[in-house]
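> Dropping the sequence and predicted coords here.
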Amino acid sequence: MTLTPYDVLVLGAGLAGQRAALAAAQSGATVALLSKVHPVRSHSVAAAGGINAAVGAGDSPAQHAADTVKGSDHLADQDAVEILCDEAPEEIRALERHGVAFHRDAGGHLAVRPFGAASHDRAVHVGDITGQAILHVLYEQLLRHDELVDRYEEWFVTTLLRDDDGRATGCVARHLRTGNLVQFRARCTILATGGAGQCFRPTTNAVICTGDGIALAYRAGAELMDMEMVQYHPTTLGETGILISELARSQGAHLCNARGERFMERYEPAELELASRDVVARAEQTEIDEGRGFPGGTVALDITRVPRRRTLEALREIVNIGRDFAGVDVTREPIHVRPGMHYIMGGVRIDVDGATSVPGLYAAGETACASCHGANRLGGNSLLDTLVFGRRAGAHAAARAREVRDPAPVPAAVDDELERIGAIGERRRRGAKVPELRRELGDAMHQGAGVFRDAAGLAAAHAAVRDTMERAPRAWVDDRGAVFNQDVPAAIELEHLLTVAECIVVAAAERTESRGAHFRTDHPERDDARWMEHITVCAPGTAGDPPHLGRRPVTVTRWAPQEPTF
């Protein structure tokens, strides 16, 4: 199967990928969109509470940006933050024109609700299914403009391609329905494959969030940044990792320990449960670690404080989750929660137009790090990030594609991947299976690189990652067929997870301070004198060596660093 080169190849069809594909197509580019799942099953569908935009009375993009910089613990690059916040209102209006039915108040204005660490109510929303609503509308736009974007659904990317000059020229991907491998060539490639939550256990992330784009970019020579900044969400359902949205706390739910104490009164008496996520997660973990939690290592989220009618109207999905997965009627009794890995602020380093350090390679969404979140992302800013920087990446890639030549085929690319993937299916049945190694990795990362970190724990996590790296090439799979074989992609996903996990722990060990989501018990203070810098991560020159670390200055435009007030 030989395909004509595309102008723009988008890998991943969540919100960032779909927005990038539409922007590139509307700029006149020929576009292909690849995704390993059907687009409406992308993890963007899980975003519940809202998308931030300064559209309410008395609010402004400048105030939104100031909150974002403060919430980032001053690690965010402020030029990226200003773009994110300045372009938010127009992005909301564009979504409405496409058909997203955002809620409006009695006066007909866009309804906004509070989210943690925000000085104004600014989360525009569609009930508690905001991500799902936006994702479906963007997919409808792709269907409407079917002639502009070629969709390849349920294709798994195995490697990125580069020419002799180091320019990104496409990828090799495996069709899950048939097992066939195809070389996709493109003048520009955009990575939008989502985050890497499956490095940890528990996580709110879907099983498909395996750091594919981050690992592929790293192996292709791209620079990563802020990889140590991993956000734990305060309210996930026990061992399952199922997200209980921040929306519950924004509506008035309280957090209580086993003594019945509303413990956030001790940790952040001003903001209480609506302090930034890192503050609330650490408070919960402290209560659990010091013996004031419930059996099983949880605290209670008391939604009965919210009027029942309001709960049934605004928190429908949480009501369903409580009933279906915990056997709890949240309108009548508390539900038990714990911190769980939720989001990675780091990723493939990009500029404000989505370009990476590899010519012709772009990234957007959770795969990317424009550094608009810094050390801690505010709730409601993730959907905005996917849309603003997805659109910018798509438009810039389309413009660049007009200036570069068609990429030449890479004759051995498919054969090399056939040999590599064939070897996975031929592994003998001995040793561990892929899911076992994946669970071990998740447990080790949660233990050593979770809410609280120290040098010994990070060293232990790194040792566990290295041990699993040695065992992974021998991990065997059950399915040796071609049609919808999920075992072989899972083995490759494990490789991606291990690559990303090592980058996280190495960067976390390097940053000897506490900032935002990165809290070192052996270095508990923020150290602006030494660490107002990003840590960058690159692949080593010699295979098998640990990642190479560097530093980049934080971009400051308007907001000088201040002591944290949380």
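Yes, it's here.

> what stretches of the chain score poorly on pLDDT?
1-2, 564-566 (pLDDT under 70).

> for it, which helix is longest?
helix 487-510 (DSSP state H).

> elements contacting that one?
strand 155-162, helix 212-219, helix 413-425, helix 434-448, helix 455-471, strand 533-538, strand 548-553 (3 or more C-beta pairs under 8 Å, 6 or more residues apart in numbering; DSSP states H and E). Using the backbone N, CA and C atoms, a C-beta is placed for each residue, glycine as well.

> D353: which of those is closest?
helix 212-219 (16.2 Å; C-beta to C-beta).

> Strand 155-162 and the closest one, what's the angle between them?
20 degrees (axes from the mean of the first three to the mean of the last three C-alpha atoms, to 10 degrees).

> follow-up on the earlier one: would you mind identifying the next helix or strand past the longest helix of the chain?
helix 528-531 (DSSP states H and E).

> Report the buried residues of that following helix.
Across helix 528-531, burial judged by 16 or more other C-beta atoms under 10 Å covers D528, W531.

> Let me know which of the helices and strands packed on helix 487-510 is tucked in deepest.
helix 212-219 (a mean of 26; mean count of other C-beta atoms under 10 Å).

> quick one: that one to chain centroid distance?
Helix 212-219 sits 14 Å away from the centroid of its parent chain (C-alpha atoms, centre = their mean, to the nearest Å).

> Run through the neighbouring helices and strands of that helix.
Short answer (3+ C-beta pairs under 8 Å, 6+ apart): helix 212-219 packs on strand 155-162, strand 181-191, strand 224-225, strand 347-349, strand 361-363, helix 487-510.

> Just want the angle from that helix to strand 533-538.
80 degrees.

> which outside residues touch helix 212-219?
Helix 212-219 has contacts (C-beta atoms under 8 Å, 6 or more residues apart in numbering) with 11-12, 36, 157, 159-160, 171, 191-194, 196, 224, 347-348, 356, 358, 361, 363, 367, 493, 495-497, 499-500, 503, 537-539, 547.

> could I get that helix in PDB with only the CA atoms?
The C-alpha coordinates for helix 212-219 follow below in PDB (Å, rounded to 0.1, in the frame of the first residue of the first chain):
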ATOM      1  CA  ASP A 212       3.000   7.100  22.800                       C
ATOM      2  CA  GLY A 213       3.700  10.500  21.300                       C
ATOM      3  CA  ILE A 214       6.100  11.500  24.100                       C
ATOM      4  CA  ALA A 215       8.200   8.300  23.700                       C
ATOM      5  CA  LEU A 216       8.100   8.400  19.900                       C
ATOM      6  CA  ALA A 217       9.300  12.100  19.900                       C
ATOM      7  CA  TYR A 218      12.000  11.300  22.500                       C
ATOM      8  CA  ARG A 219      13.400   8.500  20.400                       C
END
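
> Next, the angle from it to helix 487-510.
70 degrees.

> okay, the angle between helix 212-219 and strand 181-191?
90 degrees.

> returning to that earlier point: for the helices and strands packed on helix 212-219, could you give me TSV that also reports distance to R551?
Output for those, formatted as TSV (distance: least, C-beta to C-beta, whole Å):
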stretch	distance to R551
strand 155-162	26
strand 181-191	23
strand 224-225	10
strand 347-349	12
strand 361-363	20
helix 487-510	9
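
> now, of those, which is deepest in the fold?
strand 361-363 (a mean of 31).

> Residues contacting that one, please?
Contacts for strand 361-363 (C-beta under 8 Å, 6+ apart): 20, 160, 168, 188-192, 213, 217, 220, 222, 347-348, 350, 353-356, 393, 396-397.

> counting contacts, what elements does the helix or strand harbouring A62 pack onto?
Assigned by DSSP H and E, A62 belongs to helix 61-71. Applying 3+ C-beta pairs under 8 Å, 6+ apart, we find helix 61-71 packed against helix 78-86, helix 88-98.

> M264: which of those helices is closest?
helix 78-86 (26.8 Å).

> now that closest one against helix 61-71, angle please.
Inter-element angle recorded for helix 78-86 and helix 61-71: 130 degrees (by the same axes, to 10 degrees).

> Helix 78-86 - contacts with which helices or strands?
Against helix 78-86 (3+ C-beta pairs under 8 Å, 6+ apart) you get helix 61-71, helix 381-401.

> thought L497 was touching T210?
Yes. Using C-beta atoms under 8 Å, L497 is in contact with T210, at 5.4 Å.

> buried stuff in stretch 36-48?
K36, V37, P39, V40, R41, S42, H43, S44, V45, A46, A47, A48.

> circling back to that earlier point, common neighbours of L497 and T210, please.
Common neighbours of L497 and T210 (C-beta under 8 Å, 6+ apart) are A196, Q198.

> Check whether L22 really touches R144, as I assumed.
No. With contact defined as C-beta under 8 Å, L22 does not reach R144; the gap is 10.0 Å.

> Who has more neighbours out of these two?
Legend: neighbour count by other C-beta atoms under 10 Å for L22 and R144, higher for L22 (25 against 12).

> dump the residue contacts of that one.
L138, Q141, L142, H145, V149, R391, G394 are the contacts of L22 under C-beta under 8 Å, 6+ apart.

> Near the fifth one, how many residues? Count them for me, please.
Using other C-beta under 10 Å as the criterion, V149 is surrounded by 24 other residues.

> And the first one, by the same measure?
Counted with other C-beta under 10 Å, the neighbours of L138 add up to 28.

> The closest residue to it other than its chain neighbours and G12: what is the separation?
Take L138 and drop its neighbours on the chain: the residue closest to it by C-beta to C-beta, 6 or more residues apart in numbering is Q18, 4.2 Å away. As judged by C-beta to C-beta, to the nearest Å, Q18 and G12 stand 9 Å apart.

> can you check A398 too?
A398 is 17 Å from G12, by C-beta to C-beta.

> neighbour count winner among these two?
G12 (34 against 24).

> Quick check, I51 in contact with H125.
Yes. I51 is in contact with H125 according to C-beta under 8 Å; the separation is 7.3 Å.

> Most tightly packed of the helices and strands packed on helix 61-71?
helix 78-86 (a mean of 23).

> Now do it against helix 381-401, angle only.
Going by the same axes, to 10 degrees, helix 78-86 makes 110 degrees with helix 381-401.

> what's the angle from helix 78-86 to helix 88-98?
Using the same axes, to 10 degrees: helix 78-86 against helix 88-98 is 40 degrees.

> residues contacting the residue nearest to A54 when sequence neighbours are not counted?
Sequence neighbours aside, H64 is the residue nearest to A54 in space, at 4.5 Å (criterion: C-beta to C-beta, 6+ apart). The contact partners of H64, by C-beta under 8 Å, 6+ apart, come to N52, A53, A54, C85, A88, H120, R122.

> If anything else comes up later, I'll come back, but that's it for now.
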